[in-house]
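>>> the sequence and its predicted three-dimensional model are supplied below.
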Amino acid sequence: MLKRTLNVETFLGCDKAYETSRIVLYGAPFDSTTSYRPGTRFASRAMRAESYGLETYSPYQDLDLEDAAVFDGGDLELPFGAPEQALAMLQQQAAEILADHKLPFMLGGEHLVSLAPIRAVAEHYSDLHIIHFDAHTDLRDEYLGVGLSHASVMRRAWDILGDGRIHQFGIRSGERAEWQWSAEGHTEIHKFDFTGLDNTIARLRERKVPVYFTIDLDVLDPSVFPGTGTPEAGGVTFQQLLSAALRVCSGANVVGCDLVELSPQLDASGASTAVALKLLREMLLCLERPFLCPQLV
């Protein structure tokens, strides 16, 4: 008689024990403030299911997820229509991971969910900086009368961190007032691509400051990544994003990460999910590189 086994779906290769892992993945299936096309609540589940079309081995880095110490804790069960309650739950999750001396890596979800781990990491590291890849400024003080919105997430992060500690790249869309507010010295915007990224990384590394790294996947051009709620023409290529993300993961003192704004049902081909998966694999391996190849550090 066959024994019944429990099939727990995790991201490919990320099935190590929590106690021995250095990175903890968790999903934030929330899109209640999405202003255009919803669906990011399905991203983390789709990414796990589709990850088995990937190999654990990376020819880019000659590393393998089978060797990495990554635990996938699954999705939180979040209340729809209650942003602050959902954020509180996600913040607690990140805080517990940090308290156990591990790196929280969240899979969104809309971009508002990034505020939760940012709150937790900022409590843990008082000198925190943010590196933010996105098509949009996300600097509105409110959107449709609401301060907690995917369109205001970086403004709410600024409320916590203050001036000069948010470094934004790939930005190509936003209200005129957002651009003007940033130019007053509140955030550092690099338009259209990743020009200036290496200088930013070098400055932050020299000062030994902790960095929270957030990637809104609509930084990619919609010809590469159509499966997102607010596509914006004029974005970067996959290779540009991969190179930039690996430079951040290897060069900055990254203490928390997220990938957000994949809406898998908006791209029936599955290509957008495949793009997100490969980026996630490479980021995880790059963050693990100092432990997998200590002789190269």
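The structure has been received and is ready for your questions.

>>> check which helix or strand the nearest residue to residue 262 once chain neighbours are set aside maps to.
Among residues not flanking residue 262 along the chain, residue 43 sits closest, at 4.1 Å (Cβ to Cβ, 6 or more residues apart in numbering). Every C-beta, even on glycine, is put in place using the N, C-alpha and C of the backbone. Taking DSSP states H and E as the definition, residue 43 sits inside helix 43-50.

>>> flag every buried residue along that helix.
The neighbour-count check on helix 43-50 (16 or more other Cβ atoms under 10 Å) flags 43-48, 50 as buried.

>>> same question, stretch 170-189
170-174, 178, 181-182, 186-189.

>>> and for stretch 229-243?
By neighbour count on 16+ other Cβ under 10 Å, the buried set for stretch 229-243 is 229-232, 235-236, 240-242.

>>> quick one: low-confidence residue ranges for the stretch 51-200 of the chain.
For the stretch 51-200 of the chain, the stretches with pLDDT under 70 are 147.

>>> strands of that one, start to end?
57-58, 63-64, 70-75, 103-108, 129-133, 166-171, 188-191 (DSSP state E, counting those that start in this stretch).

>>> which strands or helices does the fourth one pack on?
So that's strand 103-108. strand 23-28, helix 43-50, helix 83-99, helix 115-124, strand 253-260, helix 271-292 (3 or more Cβ pairs under 8 Å, 6 or more residues apart in numbering; DSSP states H and E).

>>> spatially nearest residue to residue 272 (excluding sequence neighbours)?
Distances taken as Cβ to Cβ, 6+ apart place residue 227 nearest to residue 272, at 2.9 Å, with adjacent residues excluded.

>>> per-residue pLDDT, that neighbour?
In this model, residue 227 is scored at 95, pLDDT.

>>> wait, it sits on residue 267?
Yes - contact criterion Cβ atoms under 8 Å: residue 227 and residue 267 qualify, at 3.2 Å.

>>> before we move on, the earlier item: redo the strands of the stretch 51-200 of the chain as CSV? Include distance to residue 85.
Converted to CSV, those look like this (distance: least, Cβ to Cβ, whole Å):
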stretch, distance to residue 85
strand 57-58, 38
strand 63-64, 38
strand 70-75, 16
strand 103-108, 17
strand 129-133, 24
strand 166-171, 25
strand 188-191, 31
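
>>> out of those strands, flag the one nearest residue 34.
strand 103-108 (10.7 Å; Cβ to Cβ).

>>> so which residues of the stretch 151-297 of the chain form helices?
In the stretch 151-297 of the chain, the segments counted as helices under DSSP state H, counting those that start in this stretch are 153-161, 176-181, 197-207, 238-251, 271-292.

>>> what's the closest of those to residue 138?
Comparing the helices of the stretch 151-297 of the chain by Cβ to Cβ, helix 153-161 comes nearest, at 4.1 Å.

>>> out of the helices and strands packed on strand 103-108, nearest to residue 139?
Closest to residue 139 of those is helix 115-124 (Cβ to Cβ; 13.2 Å).

>>> can you name every helix or strand that that closest one contacts?
Short answer (3+ Cβ pairs under 8 Å, 6+ apart): helix 115-124 packs on helix 83-99, strand 103-108, helix 153-161, strand 210-216, strand 253-260.

>>> try it again with 6 Å
Where contact means 3 or more Cβ pairs under 6 Å, 6 or more residues apart in numbering; DSSP states H and E, helix 115-124 is packed against helix 83-99, helix 153-161, strand 253-260.

>>> who touches the residue nearest the centre of the chain in this structure?
Most central residue of the chain, judged by C-alpha distance to the mean C-alpha position with Cα atoms, centre = their mean, is residue 258 at 2.0 Å. By Cβ atoms under 6 Å, 6 or more residues apart in numbering, residue 258 lies in contact with 106, 114, 214.
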